[in-house]
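S.K.: what shape does this take:
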Amino acid sequence: MLKDHNHDLVHQLSETSDSIWRMEEYLKNADGCESCQALWNEIKNDCEKHAELLKGEIARHVSENRFE
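M.R.: Purely as a prediction, here's the structure:
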């Protein structure tokens, strides 16, 4: 079983990945509305940045043999 802090990182990465997928769907639905597309793109970009931060922290834990 993962320690809580490692589980939290993995869980949040999963949630963030799901959000990115949803934003892509919302972008498709917003076809024809530039302001909605801009909104969903901005939120998606933020989610992608957060996903990269989470992946980096997970990788750091793994490289330090602290991913348990």
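
S.K.: ok, for the residue positioned nearest the centre of the chain, nearest residue in space, not its chain neighbours?
M.R.: With distances taken as CA atoms, centre = their mean, the residue of the chain nearest its centroid is residue 16 (2.9 Å). Distance criterion CB to CB, 6 or more residues apart in numbering; nearest residue to residue 16, sequence neighbours excluded, is residue 51 at 4.8 Å. Backbone N, C-alpha and C define where each C-beta goes, glycine included.

S.K.: pretty sure the one you found contacts residue 14?
M.R.: No: Residue 51 lies out of contact with residue 14 (CB atoms under 8 Å); the separation is 9.9 Å.

S.K.: list the helices and strands the longest helix seen in the chain packs on?
M.R.: Ranked by residue count under DSSP state H, the longest helix found in the chain is helix 34-63. Where contact means 3 or more CB pairs under 8 Å, 6 or more residues apart in numbering; DSSP states H and E, helix 34-63 is packed against helix 4-29.

S.K.: can you give me the angle the helix it packs on makes with helix 34-63?
M.R.: 160 degrees (axes from the mean of the first three to the mean of the last three CA atoms, to 10 degrees).

S.K.: begin at 9 from now on, thanks
M.R.: Happy to do that; since the first residue is 9 now, the last one works out to helix 12-37.

S.K.: helix 12-37 packs against which elements?
M.R.: Using 3+ CB pairs under 8 Å, 6+ apart as the contact test, the elements touching helix 12-37 are helix 42-71.

S.K.: sorry, back to before: gap between the residue nearest to residue 24 and residue 9?
M.R.: 24 Å (CB to CB, to the nearest Å).

S.K.: ok, these two, which is more surrounded?
M.R.: residue 59 (18 against 6; other CB atoms under 10 Å).

S.K.: which residues sit in contact with that one?
M.R.: Residue 59 makes contact with 21, 24, 25, 28 under the criterion CB atoms under 8 Å, 6 or more residues apart in numbering.
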